[in-house]
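J.: Show me the folded form of this:
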Amino acid sequence: MWRCGLHDLRTHAGVTLIAAARSASLLAERFDDDRPLDRAGWDDVQRVAPALLPLGVAELRYCSPSPRSRATGDALGFAPLAQPALRDCDMGRRRGLTLGEVTVREPAAVDAWLSDPRSAPHGGESLHAFISRVGGRLDTRPVGDGARVLAVAEPAVVRAALTYGLKAPPSTYWNIDVRPLSTVTLTGHGGRWNLRLDAPGGTP
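T.: Numbering: from 1, shown residues only. From the prediction side, this is the model:
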């Protein structure tokens, strides 16, 4: 187990994030995708279920409101409660398009979006606003409540949470690779978060 930070993390409760299973191949992923799990995604869930099921002991279980996040949580037996604050980034008019399609249509706007975290040329949510919104959900957790929290979320939401939790610059978001059904735990509260990587099936 690798821990980041100088605090005694045993004194803090954790928020374990599980990335939702896939709804398409990586090359076919679309912005703000609302498609359900594909067959490969279902097979992946069944394959990793024995390792992830122990995480269901968390007292609070949430998920992104997307179909694949709900389906992933339900397939694992977590019965998570959908949280609007954990929704994927609002991509405005780019919703449903792939990055390749958008790049062909408006290359200059894509460059601006990738280089400036406060830009939103698509008419939706800027990267800065997205990270802040997800981070705000983390920080609203009551201090010292002691309850373990589990959230099945879109990979983009997990990336945003890690960027916020580590107080990294927004550009770090683009350098975090979150694979479907991977897990990570943020330990701490109220703006002071530490990253903890667990073995499969580990508890917060």
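J.: Need the contact partners of the one helix or strand residue 108 maps to.
T.: Per DSSP states H and E, residue 108 falls inside helix 107-115. Helix 107-115 has contacts (CB atoms under 8 Å, 6 or more residues apart in numbering) with 99, 102, 103, 119, 120, 121, 122, 127, 174. In this view, the C-beta of every residue, glycine as well, is placed from N, C-alpha and C.
J.: And for stretch 160-174?
T.: Here stretch 160-174 makes contact (CB under 8 Å, 6+ apart) with 4, 15, 17, 89, 114, 117, 127-128, 130-135, 138, 153, 159, 176, 178, 184, 186, 188, 193-195.
J.: Which of the residues you listed are buried, as a ChimeraX select command?
T.: To isolate the buried ones among those in ChimeraX, judged by 16 or more other CB atoms under 10 Å, type:
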select :15,17,89,117,127,130,131,133,134,135,138,153,159,176,178,184,186,188,193,194,195
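J.: Centre-most residue in the protein?
T.: residue 158 (2.2 Å; CA atoms, centre = their mean).
J.: what's the model's confidence in the helix or strand containing it, averaged?
T.: For residue 158, the host element (DSSP H and E) is helix 155-165. Mean pLDDT, computed over helix 155-165, is 95.
J.: Flag every buried residue along that helix.
T.: Quick answer for helix 155-165 (16+ other CB under 10 Å): 155, 156, 157, 158, 159, 160, 161, 162, 163, 164, 165.
J.: and what of stretch 165-176?
T.: 165, 166, 170, 173, 176.
J.: Repeat that for stretch 100-113.
T.: 102, 106, 109, 110, 113.
J.: for stretch 58-68, same thing?
T.: Those would be 58, 61, 62, 63, 64, 65, 66, 68, for stretch 58-68 by 16+ other CB under 10 Å.
J.: Can you flag which of these belong to strands?
T.: Those of those mapping onto strands are 61, 62, 63, per DSSP state E.
J.: separation between the first one and residue 54?
T.: When CB to CB, to the nearest Å is applied, the distance between residue 61 and residue 54 equals 13 Å.
J.: swap in residue 66?
T.: On the measure of CB to CB, residue 66 and residue 54 end up 24 Å apart.
J.: one step back: and which of the buried residues of stretch 165-176 is nearest to residue 75?
T.: Closest to residue 75 out of the buried residues of stretch 165-176 is residue 176 (24.8 Å), distances taken as CB to CB.
J.: That closest one and residue 159 touch, don't they?
T.: Yes - if you go by CB atoms under 8 Å, residue 176 and residue 159 touch, sitting 4.5 Å apart.
J.: Tell me, please, where in this protein the pLDDT is lower than the cut-off.
T.: Within the chain, the ranges that satisfy pLDDT under 70 run 1-13, 24-28, 141-146, 190, 198-204.
J.: let's go with 80 and repeat that
T.: 1-13, 24-34, 96, 140-147, 189-191, 197-204 (pLDDT under 80).
J.: got the residue ranges for the strands in it?
T.: Under the criterion DSSP E, the chain contains strands at 2-3, 14-19, 60-63, 81-82, 149-153, 183-189, 192-197.
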